[in-house]
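Novice: Give me the fold of what follows.
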Amino acid sequence: MTTRRDHPVLEALGLIVLFFALVAVAPGGLITFAVEHFLRVRLDVGQRWTWAIASSVVAACAMSLLSRRGSDGLGRYVLIAVVASAVVLVARFGVHAKWAAEMLSEYVP
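Specialist: The predicted structure is shown next:
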């Protein structure tokens, strides 16, 4: 019988996929977090993730459609996603910002 520890390559691949998925959803997560706090709406964890993914997809599609070449728009979206992820991580772990800690805690059950 094989266990999870027997496949370190699959485990590393899973972590890489998870990292890229979280980076891709970062702009939508920021948008959802901002809307939730400015409109004073309470969402549960599942609703937050759903809206974060949906708004990320809408943003990526909009950037792709608004650019002359679709790949340029997707490239810009990836850049925005990486910058948004970096801002949240630096705000949380670098400067210990309260909003970043609040945001990250709301996306983890």
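Novice: rest of the way, CA atoms for contacts and neighbours
Specialist: Will do.
Novice: which residues does residue 56 contact?
Specialist: Applying Cα atoms under 8 Å, 6 or more residues apart in numbering, we find residue 56 in contact with 24, 25, 26, 27, 28, 29.
Novice: Kindly provide the distance from it to residue 45.
Specialist: Between residue 56 and residue 45 the computed distance is 16 Å (Cα to Cα, to the nearest Å).
Novice: Could you point out the helix or strand that follows the longest helix that the chain contains?
Specialist: Scanning the chain for the longest helix, with DSSP state H as the assignment, gives helix 8-38. Using DSSP states H and E, the helix or strand that directly follows helix 8-38 along the chain is helix 45-66.
Novice: Could you list the buried residues of that next one?
Specialist: 48-49, 51-57, 59-60, 63-64 (16 or more other Cα atoms under 10 Å).
Novice: Next, the angle from the helix or strand just after that helix to helix 8-38.
Specialist: Following helix 45-66 in sequence order, the next helix or strand is helix 70-89 (DSSP H and E). For helix 70-89 against helix 8-38, the angle by axes from the mean of the first three to the mean of the last three Cα atoms, to 10 degrees is 80 degrees.
Novice: Now do helix 70-89 against helix 45-66, angle only.
Specialist: Relative orientation of helix 70-89 versus helix 45-66 (the same axes, to 10 degrees): 140 degrees.
Novice: on that earlier part again, farthest-separated two in the buried residues of helix 45-66?
Specialist: Farthest-apart pair in the buried residues of helix 45-66 is 48 and 64; separation 24.0 Å (Cα to Cα).
Novice: Surely residue 108 is in contact with residue 45?
Specialist: Yes. Under the criterion of Cα atoms under 8 Å, residue 108 is in contact with residue 45, at a separation of 7.2 Å.
Novice: how about residue 54, what does it touch?
Specialist: Counted by Cα under 8 Å, 6+ apart, residue 54 has contacts residue 28.
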